[in-house]
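Colleague: Sequence below, structure please.
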Amino acid sequence: MIRGVAYSRPFAAAATAALIAAGAMFWIRLATHAKLSELRLHAANSERDLATRIGALSAYESDNVDALRRQVGLFRVRLGTDGTWDRLVRRLGGGWSAESGLREDKSGYSLQPGTFRLLSHAVGEWPDIVEAVKDLEAIPGVGIAEIEMKTSGSGDRRSLDTARILVLIQASRTGPNSATTP
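Modeller: Below you'll find the model as predicted:
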């Protein structure tokens, strides 16, 4: 039979202290690793958020802002005047009926739609319609929003049922409420 195990109390105390220290170090390492993983995840989320914000701000780089300023300058140059609608009606003449839409005032400019319908319908007037569109596009502030042409009949006996041009006039506003700052 084996009689008890002989050990030294100082060695037993040192071994117990070493086991306690090893256990404590293991738990400290686990807690530190968990905290480090949490910090890395937070840093990755922050980096992704900042990259998204920086990407969104790239539209405000000096080259893009300069290009936008040039576009605004061109827009202002291409605006019509308050008499643009009357000018359109005179330019097309009596062969077209004119219907003015409601004018919408914006900050510094106004938008006004209008419709022109060809009164006499004949397929032979196609060159006149094309010329009318060219004339309208040449006037500052006038944009062609839509062209509608409806024909019917066969190839030999074709008739023009409808010819309609929808224009949108962008005119600078003059008066006390107009914005004059660039």
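
Colleague: so how far is Ala15 from the residue nearest to the spatial centre of the chain?
Modeller: Of all residues in the chain, the one closest to the mean position by C-alpha atoms, centre = their mean is Ala59, 11.0 Å from it. Using C-beta to C-beta, to the nearest Å, one gets 68 Å for the distance from Ala59 to Ala15. Quick note: C-beta positions are derived from backbone N, CA and C, even for glycine.

Colleague: packing partners for the helix or strand of the chain with the lowest mean pLDDT?
Modeller: The helix or strand of the chain with the lowest confidence, counting by mean pLDDT, DSSP states H and E, is helix 62-77 at a mean of 77. Judged by 3 or more C-beta pairs under 8 Å, 6 or more residues apart in numbering; DSSP states H and E, helix 62-77 is in contact with no other helix or strand.

Colleague: in what helix or strand does Pro140 lie?
Modeller: Of the helices and strands defined by DSSP states H and E, none includes Pro140.

Colleague: One more: the one 5 residues further on?
Modeller: Counting by DSSP H and E, the element that carries Ala145 is strand 142-153.

Colleague: And that strand, what does it pack against?
Modeller: By 3+ C-beta pairs under 8 Å, 6+ apart, strand 142-153 packs against helix 126-138, strand 158-172.

Colleague: can you tell which of those is closest to Arg103?
Modeller: For those, proximity to Arg103 was assessed by C-beta to C-beta; strand 158-172 is nearest, at 8.5 Å.
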